[in-house]
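Enquirer: Need a 3D model of the following:
(one chain, ligands or ions: 1)
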Amino acid sequence: MSAPHRQLAGRIVIATHNPGKLKEMRELLASYGIDAVSAGELGLGEPEETGASFRDNARIKARAAAGASGLPAFADDSGLAVDALGGAPGIHSARWAGEDKNFARAMQMIESMLADHGADRPALRQAQFVSALCVAWPDGHLEEFEGTVEGTLVWPPRGTAGFGYDPMFLPDGHERTFGEMTADQKHGLPPNGQGLSHRARAFLKLAGACLKR
Ligand code: IMP
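Expert: Reported below is the predicted structural model:
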């Protein structure tokens, strides 16, 4: 029999310095009465993401924040995996935008590489957003969940909402890119949304296991 999941309650740290992710995670946690402070607000450092997978990197971030704060820590490692590019940029999604976090340039790089691959129709432009979530407690206990959303990369990018690669990502079965969706359409949980994004899907698994409304 597998061990029971540990329940998450009270005050926690969100182990991110990315304002886009912080906003989404706060919105996801708010309806569960979780009092979430960010790693940035606590002045915690950012550990080096040396893992080989989204899961490894989420664990590194959650463990570092739990150890430094003495609170349960919630981390997401996520990114865009493009089929025609062998899963790139993947765990390097943030890095492709450079020090200046220029996602217009990162999206242009992906588009140029897709053009080099002759990826001129939707079937050749498939991609997934992936989110690995980890909650680490100061005593070493871990809870881990993963969510993905499939879609097609469009060009030119569409919309100014969201962050990162959102304007290029058209989720399957939808007519608006993530960049054209409201926050509720992208990652709202039922009844406000349908839990569409990779992060919302991973979060719904976590909520089912570790959170009570
Ligand atoms: P990290 O998890 O902090 O290493 O960075 C993940 C990177 O993946 C972000 O900086 C974005 O570039 C990209 N990414 C992850 N989730 C999303 C999303 O929901 N929309 C757009 N880009 C995303």
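Enquirer: How are the helices of this structure distributed by residue range?
Expert: Listed in chain order, the helices of the chain (DSSP state H) span residues 19-30, 54-69, 103-116, 183-187, 198-210.
Enquirer: can you put the ones you listed in CSV and add distance to residue 79, mean neighbour count and mean pLDDT?
Expert: The C-beta positions use only the backbone N, C-alpha and C, and glycine is treated the same way. Formatted as CSV, the helices of the chain follow (distance: least, Cβ to Cβ, whole Å; neighbours: other Cβ atoms under 10 Å; pLDDT from 0 to 100):
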stretch, distance to residue 79, mean neighbour count, mean pLDDT
helix 19-30, 11, 18, 85
helix 54-69, 7, 22, 97
helix 103-116, 11, 16, 98
helix 183-187, 16, 20, 94
helix 198-210, 9, 21, 95
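Enquirer: As a markdown table, the ones you listed with distance to residue 169 would be great.
Expert: Shown next, in a markdown table, are those (distance: least, Cβ to Cβ, whole Å):
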| stretch | distance to residue 169 |
| --- | --- |
| helix 19-30 | 14 |
| helix 54-69 | 17 |
| helix 103-116 | 10 |
| helix 183-187 | 10 |
| helix 198-210 | 10 |
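Enquirer: got those helices as CSV, with distance to the ligand columns?
Expert: Shown next, in CSV, are these (distance: least, Cβ to the nearest ligand atom, whole Å):
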stretch, distance to the ligand
helix 19-30, 6
helix 54-69, 6
helix 103-116, 6
helix 183-187, 7
helix 198-210, 6
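Enquirer: Tell me which of those helices lies nearest to residue 172.
Expert: helix 198-210 (12.5 Å; Cβ to Cβ).
Enquirer: so the closest one versus helix 19-30, what angle?
Expert: Angle, helix 198-210 to helix 19-30, by axes from the mean of the first three to the mean of the last three Cα atoms, to 10 degrees: 30 degrees.
Enquirer: can you pull the contacts of the residue of the chain found nearest the ligand?
Expert: Closest to the ligand within the chain is residue 164: 2.5 Å, counting by Cβ to the nearest ligand atom. Neighbour list for residue 164: 20, 80, 93-94, 97, 103 [criterion: Cβ atoms under 8 Å, 6 or more residues apart in numbering].
Enquirer: and of those residues, the nearest to residue 60?
Expert: residue 94 (13.9 Å).
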